[in-house]
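*Asks:* The following comprises the amino acid sequence and a computationally predicted model.
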Amino acid sequence: MSGVELYQEFEYRMFAMLKKLGKDTVTWDSTFNTGMKLPPNAVVHDYQGGNESVATIAKAGVKVIVSSLTDMYIAGGPPWKQVYQDEIMPAGLSKEEQKNVLGGATAIWGETMDVSGS
């Protein structure tokens, strides 16, 4: 069994457990990128691919959360104003495809921040 096949086996088992519990799946873009068949209500959290990846996921009819843009990781990086100005909606999506882009999420790592809030 290859590493990808092992990963897929793990994810398929997780999908089954979540279904049994009556929960929807939220998974990483790495899962989507393996070509796995996702559960019907799955949401993909894209953290690696940028707007191209987000567009690919949305065009596939899958719901997506965006956190793969350059300014989405705030660890001592961009000012807050820049984070809020980033456009998370990829160009070229139809109105229906745009509905699959649920919004954005960002990460902040406390060990690299100070108390100034900037």
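*Replies:* That came through fine.

*Asks:* contacts and neighbour counts: CA atoms only from here.
*Replies:* Fine.

*Asks:* From the contact counts, what lies against the helix or strand harbouring residue 58?
*Replies:* Using DSSP states H and E, residue 58 sits in helix 50-59. Where contact means 3 or more C-alpha pairs under 8 Å, 6 or more residues apart in numbering; DSSP states H and E, helix 50-59 is packed against strand 43-46, strand 63-66, helix 95-98.

*Asks:* For it, report the contacting residues that lie outside it.
*Replies:* Around helix 50-59, the neighbours that count as contacts under C-alpha atoms under 8 Å, 6 or more residues apart in numbering are 32, 44, 46, 63-64, 66-70, 88-90, 93, 97-98, 100-101.

*Asks:* what about burial for those, which qualify?
*Replies:* Buried members of the contacts of helix 50-59, scored by 16 or more other C-alpha atoms under 10 Å, are 32, 44, 46, 63-64, 66-69, 88-90, 93, 97-98, 100-101.

*Asks:* now the helices and strands packed on helix 50-59 as JSON lines including distance to residue 9 and mean pLDDT?
*Replies:* Below are these laid out as JSON lines (distance: least, C-alpha to C-alpha, whole Å; pLDDT from 0 to 100):
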{"stretch": "strand 43-46", "distance to residue 9": "18", "mean pLDDT": "96"}
{"stretch": "strand 63-66", "distance to residue 9": "22", "mean pLDDT": "96"}
{"stretch": "helix 95-98", "distance to residue 9": "29", "mean pLDDT": "97"}
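
*Asks:* Now render these as TSV, adding distance to residue 21.
*Replies:* Output for the helices and strands packed on helix 50-59, formatted as TSV (distance: least, C-alpha to C-alpha, whole Å):
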stretch	distance to residue 21
strand 43-46	17
strand 63-66	21
helix 95-98	29
